[in-house]
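**Q** I'll drop the sequence and a predicted model, then ask my questions.
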Amino acid sequence: MTAANPYAERLDAIPVTRHDVTVAGTRTAYWTYGPDDAATTILAVHGFRGEHHGLEPVVAFLDDVRVVSPDLPGFGETPALPGRHDLAGYADWLTAFAAAAAPGAVVLGHSFGSIVSAAAVARGLRAPRLILVNPIGAPALEGPRGILTRLAIFYYRAGARLPRRLGDALLRNPLIVRVMSIAMAKTRDKDLRAFIHDQHDTYFSRFADRDTLSEAFVTSVSNDVRAAAPDIPVPTLLIAAENDDITPLSAQYALQKLFPQAELVVIPGVGHLIHYETPQAAASAVTRFLRLSGGDTP
């Protein structure tokens with residue numbers, strides 16, 4: 001049974017249109033939300049194994065903003081890249097996508113999307129501001145649940161090395177997806193937890209193939225935002241979680257200091273699923289940041 005979406009009423013009031021554009025050799029599927037004549041456009045980049053639906057709860061609370069939200073290559077409705085899915089490949093794709101579909105947009109990245117977004121802006125993607133939600137600010141193996149990261153490495157390695165049919169079945173196994181979802185969710189609201197699990201059940205296995213997934217996973221655990229931070233020339237907002245199991249709060253404070261100009265907002269009582277559990281708080285932080293920094297974009 002599909003769980004009720006607590007943000008459905010707000011989302012239903014927002015116009016949304018699906019598009020396709022070919023960049024970096026890949027036909028990229030993307031969705032635009034909000035009025036076409038909005039003063040501010042945000043390019044929203046989702047996290048690992050997710051797709052554009054994951055950031056919709058945050059979109060639901062962004063008033064008078066146009067949001068351009070693609071599926072990353074190899075996930076959702078966007079096919080894999082012709083080359084490797086390493087950080088350079090994803091950053092080059094995002095830069096090309098931004099130029100084609102969202103020139104001059106504020107860039108927002110969640111989790112793995114924070115790594116890709118930061119790398120792209122540091123390498124030359126022209127954006128007036130950068131927003132990172134649940135930023136990966138330290139090596140995954142050093143996080144509060146480093147042991148789970150090691151288990152995940154074993155899991156994805158096994159999925160890549162088993163015979164193709166067995167490996168694919170392992171990587172799409174609904175029980176393992178549910179365990180991942182339970183481990184990340186912090187809310188005690190029964191209905192919200194049901195919605196989160198339903199989202200992961202529905203979208204977490206919509207990857208192109210196991211090789212793409214394996215490459216993307218290696219990229220996600222081999223990189224973090226720290227390397228790009230000193231080279232990001234624009235005002236940056238970090239939206240961190242008090243109880244993030246991947247990047248502890250102490251590492252987020254350390255990450256903030258690496259940026260030339262960055263503000264850190266901490267949302268209490270939530271973990272790595274800010275976009276599902278506290279989207280209104282995240283959207284409020286985004287709205288305030290854009291107003292304070294003169295957030296109109298062409």
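**A** Good, I have the coordinates. Fair warning: this is a prediction, and the values are worked out from it, not measured in the lab.
**Q** CA only for contacts and neighbour counts going forward, please
**A** Noted.
**Q** Now that we're looking at residue 45, what pLDDT does it have?
**A** Here the pLDDT value assigned to residue 45 is 98.
**Q** my bad, should have said residue 181
**A** pLDDT for residue 181: 94.
**Q** Now do the contacts for it.
**A** Shown in contact with residue 181 (CA atoms under 8 Å, 6 or more residues apart in numbering): 196, 197, 200.
**Q** what do you get if the cut-off is 6 Å, keeping everything else the same?
**A** residue 197 (CA atoms under 6 Å, 6 or more residues apart in numbering).
**Q** so which strand or helix has it?
**A** Here residue 181, judged by DSSP states H and E, is contained in helix 174-184.
**Q** Which is the succeeding secondary structure element to that helix?
**A** Using DSSP H and E, the next helix or strand after helix 174-184 towards the C-terminus is helix 190-203.
**Q** Angles on the backbone of residue 240, please.
**A** Here is the backbone geometry of residue 240 (degrees, to the nearest 10): phi -110, psi 160.
**Q** What's opposite it in the beta bridge?
**A** residue 266 (DSSP bridges).
**Q** can you pull the pLDDT of it?
**A** pLDDT, residue 240: 98.
**Q** Same question for residue 2.
**A** Reported pLDDT for residue 2: 82.
**Q** how many other residues sit next to it?
**A** Residues lying near residue 2 (other CA atoms under 10 Å) number 11.
**Q** Please apply the same query to residue 151.
**A** Other residues lying near residue 151 total 11 when counted by other CA under 10 Å.
**Q** quick one: it from residue 243, how far?
**A** In this view, residue 151 and residue 243 are 20 Å apart by CA to CA, to the nearest Å.
**Q** can you give me the strands in the chain?
**A** Under the criterion DSSP state E, the chain contains strands at 16-23, 26-33, 40-45, 65-70, 106-110, 130-133, 236-241, 262-267.
**Q** closest to residue 184 out of those?
**A** Nearest to residue 184, of all the strands of the chain, is strand 236-241, at 11.9 Å by CA to CA.
**Q** Can I get that closest one in PDB, CA atoms only?
**A** C-alpha atoms of strand 236-241 as PDB (Å, rounded to 0.1, in the frame of the first residue of the first chain):
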ATOM      1  CA  THR A 236      27.300  29.400   0.500                       C
ATOM      2  CA  LEU A 237      24.600  28.000   2.900                       C
ATOM      3  CA  LEU A 238      25.200  24.800   4.700                       C
ATOM      4  CA  ILE A 239      22.100  23.200   6.200                       C
ATOM      5  CA  ALA A 240      23.200  20.500   8.600                       C
ATOM      6  CA  ALA A 241      21.400  18.100  10.900                       C
END
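**Q** and the angle for the helix holding residue 181 with helix 190-203?
**A** Helix 174-184 runs at 140 degrees relative to helix 190-203, counting by axes from the mean of the first three to the mean of the last three CA atoms, to 10 degrees.
**Q** re earlier: can you put the strands of the chain in JSON lines and add distance to residue 91 and mean neighbour count?
**A** As requested, these are exported to JSON lines (distance: least, CA to CA, whole Å; neighbours: other CA atoms under 10 Å):
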{"stretch": "strand 16-23", "distance to residue 91": "12", "mean neighbour count": "14"}
{"stretch": "strand 26-33", "distance to residue 91": "14", "mean neighbour count": "20"}
{"stretch": "strand 40-45", "distance to residue 91": "11", "mean neighbour count": "26"}
{"stretch": "strand 65-70", "distance to residue 91": "14", "mean neighbour count": "26"}
{"stretch": "strand 106-110", "distance to residue 91": "12", "mean neighbour count": "26"}
{"stretch": "strand 130-133", "distance to residue 91": "14", "mean neighbour count": "26"}
{"stretch": "strand 236-241", "distance to residue 91": "18", "mean neighbour count": "25"}
{"stretch": "strand 262-267", "distance to residue 91": "21", "mean neighbour count": "18"}
